[in-house]
Every structure is written in structure tokens, then in C-alpha cells.
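In: Build me a model from this:
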Amino acid sequence: MKGRVSEAPPRVSRPSLTGRVVRDSLAVMRAWVPLWRPRHRWRSAAATLALGAALLILAWTAPQPVKNLYLRLTSSVGALAKLASLTPASHGPPATVRLARSTMPGGFLHLPPTFTSTDGSYDLVLHFHGNVGLVEESFAVAGIDAAVVILNAGLGTGAYDQLYRAPAVIPAVLARVEEDLVRRGIEHPRRRRVAVTAWSAGWGAVSAVLDNGVLGDSLDAIVLLDGLHSSYLRQKEIDTTRLAGLEAFARRAMRDERLLTITHSEIETYTYPSTHETSDALLGMLGLARTPGGPRPELPALSQFYGIPRDKLVALVPTSECHAGSFHLRGYTGTTAEDHMMHLAYMASIALPDLARRWNAR
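Out: Residues are numbered from 1 along each chain as shown. Predicted coordinates:
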């Protein structure tokens, strides 16, 4: 009896995992292919225009919350369009330089659309304390041609003072910036000028940098947004020794050798000198006086404001100002937390234009 020879079943080629995913995805996509086709294109265009007009009418006749949403949305779209129009100048960076944000210890490095470098040289801003996106967009809208580092160390000036008073911290930040620039396509980065900007508690870092002198002659500009404070000695007497480094820098700014811009509110702090009191103490040390009033700033058109209630975006009303060379001090009304935050929100209008004029002119 002859045995039956079993034949191996035919091999069936099965699609790979990637092939099956693509096949299934295409099948799903075909299920969503629209079946409707407009018979008359002009009727479709007319319907679209009519819908837009109806929404516009609804926006202005609807209750106030709906109006506020519409205004915030349109302002955000305008801000995004303005940012999109910010392109580097013709002498800008090579095409291989990657812009936008990257992380670094303690913060972020941002190259705004206005950043330029053809030979590796660049200006640098170190900003202490504040919302990262708001600060990034403010420097772009103000037209600052520089790399921007945003560093946050916590709440209170003590956290910033303790961290950045160590002489090795700032040099480590500068070294990390150059490493990142090399990775972004700048082969031989060379730092020119440095500006330190700070809002609120960030003054602790600026004070430490002035005292330890780690930036040397490269420190060209300081911007303080409602953050200049000192301490009391006795019976509300301000300790001016804590302002000695800033005084020396301010005198150089008065001779146009450096730039110093200070803003302050009217917020009372009770246990330590307010920004207004400390600013008055500095003016006394410099022999300068205020003049009342000043130009009323416009709220910058920033996409970061989308979703913020309108009553939180309070106006900054000028009370006084003082200008001597490249020293600028501006006082504004306001005694609430919202008023304090507005100094950061308005930085592209009340402080950064001073830096843009100085750096963009050289």
C-alpha cells in the first residue's frame, strides 16, 4: 500500500504591519470622502459670504461675553498675522540656522524671527521671571535682533539672588547658549552685547549679576519691569547700599555708554520699599527728578492674550517719567496684582523699544 504524499499548503504572502496600517487607513479615509459636489460654485461662494455676514452681525448683537470672545479671537488672529510678517532681514542668518525655541537647564533659548547672524556674531538677552510665551512674542513684536534666554527660578527675589549670585552659573548659561547655536547651524558663534531684563522677582538675578560682575563689559543694557526693590534699615529708611551696582550702571547709561530702563507701579509693599519708593531713592542718588505724565502706551497685539478676560487686561496710565541720556524711568498707576502683571504684558510697548532703538542702530 502506497503512502499518500502530503503536499505543503501554498504560501500566502501577508502584508507587513506597516502595509496593513496603510491599507486600513486608506479604507477609513475613503469612508469620509465627501459625496456632495456643488452644482453652482457662485452659489457656494454667496452662501459662504452670507454665513460670514450673519456671524458678524451675531457677534455685535449677541450678549457681552460673546462679544468679548469675538474681540479676543480677532485680536489674536491679527497678532499671529503680525508675527508671521516678521521675517529676517536680507542680511539675516543662513538657511541652515534653525529658529524658534529649545530647552536648556533652568529655562529656554529662543531665536525669534528677527534674529540675524551672517558671521557668527550675535546679541543675547537674558530674561528673568515671567511667562515664556509672552516674553518670546514680546521680543519678536518689538523687533529685537537677538537670541533670547528665558530663565525662571521660582517665587521671590531671594530664589533668583541665591541662584545667580554663584559666579559659575551665568558662565554655564552662556556656554550652553553657544553649544545650542552650533547645533542650530552657527559654526563659530561670537557673543557681542548682553542685555538682562527682568520682571518682578527677577530683579534678584539682575542684582546678583551686577554684584558679581560675571558679564563684564559685555553687559550693555538692563530692563527692570516693576521689580526694583531694596530693604529698610530703620523707620522706613531705604538701604541704598543695595543699589550701588545699579547706580554705577545708571551713571554710565546717563552718558549713553549703557542702557537702563525702569518701570514701576503704585503697589504698596509695607515690609520692604515699593518699586516707586526704590525708584525715588535711585533718582536721589543720581541727582535726577521726575516730570509728571508721559505718553500712554498701547497694549501690544499679542496672541498670548487670547482667552484672557478683558477686565484682566487693565490699562497702564502714566504718572511720571525721567530721561537722562540712555537712562529711562517710567511710572504708572495701579495697585493690584493685575496692574503688576501688566508691566510684563506691556513690555513690548513700555521698555523694549528702548533696547530696539539702541541695538538696531548699531
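
In: Would you map the helices across the stretch 51-200 of the chain?
Out: With DSSP state H, counting those that start in this stretch, the ranges of helices along the stretch 51-200 of the chain come out as 64-84, 132-142, 157-164, 169-184.

In: Lowest average pLDDT across the ones you listed?
Out: Lowest mean pLDDT within the helices of the stretch 51-200 of the chain: helix 64-84, a mean of 45.

In: List the contacts of E298.
Out: S349 (C-beta atoms under 8 Å, 6 or more residues apart in numbering). Any C-beta I mention is one placed from the backbone N, CA and C, and that applies to glycine too.

In: State the distance from it to L313.
Out: 12 Å (C-beta to C-beta, to the nearest Å).

In: can you check G107 too?
Out: Separation of G107 from L313 (C-beta to C-beta): 26 Å.

In: just V149 next, same as before
Out: Distance, V149 to L313, using C-beta to C-beta: 27 Å.

In: who's more crowded, the two?
Out: The neighbour comparison of V149 against L313 (other C-beta atoms under 10 Å) goes to V149, with 24 against 16.

In: Verify the stated contact: that one with F128.
Out: No - V149 lies out of contact with F128 (C-beta atoms under 8 Å); the separation is 9.4 Å.

In: Distance of S326 relative to S231?
Out: 28 Å.

In: can you tell me which residues contact the most centrally placed residue in the chain?
Out: Among the residues of the chain, the one closest to the centroid is V135, at 1.2 Å (C-alpha atoms, centre = their mean). Residues in contact with V135 (C-beta under 8 Å, 6+ apart) are H127, V148, I150, L344, M347.

In: and the fourth one, how many neighbours does it have?
Out: So that's L344. Other residues near L344 number 23, with proximity taken as other C-beta under 10 Å.

In: just the first one next, same as before
Out: If you count neighbours by other C-beta under 10 Å, H127 ends up with 29.

In: That one and A147 touch, don't they?
Out: No - counting by C-beta under 8 Å, H127 does not reach A147; the two are 11.1 Å apart.

In: Other residues contacting the host helix or strand of W203?
Out: Assigned by DSSP states H and E, W203 belongs to helix 203-212. By C-beta under 8 Å, 6+ apart, the surrounding residues in contact with helix 203-212 are 128-129, 151, 153, 156-165, 167, 170, 196, 198, 215, 219, 222, 224, 227-229, 242, 245-246, 249.

In: in that helix, what's buried?
Out: Neighbour counts over helix 203-212 (16 or more other C-beta atoms under 10 Å) mark W203, G204, A205, V206, S207, A208, V209, L210, N212 as buried.

In: Make sure T291 is actually in contact with A324.
Out: No - in this structure, T291 is not within contact of A324 by C-beta under 8 Å, at 11.3 Å.

In: Could you tell me the angle between the strand or helix carrying H340 and helix 132-142?
Out: Applying DSSP H and E as the criterion places H340 in helix 337-345. Using axes from the mean of the first three to the mean of the last three C-alpha atoms, to 10 degrees, the inter-axis angle of helix 337-345 relative to helix 132-142 is 50 degrees.

In: all helices for the stretch 251-362 of the chain, in order.
Out: Using DSSP H, counting those that start in this stretch, helices in the stretch 251-362 of the chain cover 275-286, 337-345, 347-350, 352-360.

In: Remind me what the shortest one packs against, helices and strands.
Out: Okay, so that is helix 347-350. helix 132-142, strand 219-225 (3 or more C-beta pairs under 8 Å, 6 or more residues apart in numbering; DSSP states H and E).

In: Figure out which of the ones you listed is closest to N360.
Out: helix 132-142 (10.0 Å; C-beta to C-beta).

In: Okay, buried residues for the closest one please.
Out: Going by neighbour count (16+ other C-beta under 10 Å), the buried part of helix 132-142 is V132, L134, V135, E136, E137, S138, F139, A140, V141, A142.

In: What I need now is these written out in a markdown table, including distance to R101 for each item.
Out: Listed next are the buried residues of helix 132-142 as a markdown table, based on distance: C-beta to C-beta, whole Å:
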| residue | distance to R101 |
| --- | --- |
| V132 | 8 |
| L134 | 13 |
| V135 | 11 |
| E136 | 7 |
| E137 | 11 |
| S138 | 14 |
| F139 | 12 |
| A140 | 11 |
| V141 | 16 |
| A142 | 17 |
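
In: Can you pick out the most distant pair from those residues?
Out: Spatial extent of the buried residues of helix 132-142 (C-beta to C-beta) is set by the pair V132 and A142 at 16.1 Å.

In: re the thing from before, with neighbour numbers in mind, choose between T291 and A324.
Out: Higher neighbour count among T291 and A324: A324, with 19 against 9, using other C-beta under 10 Å.
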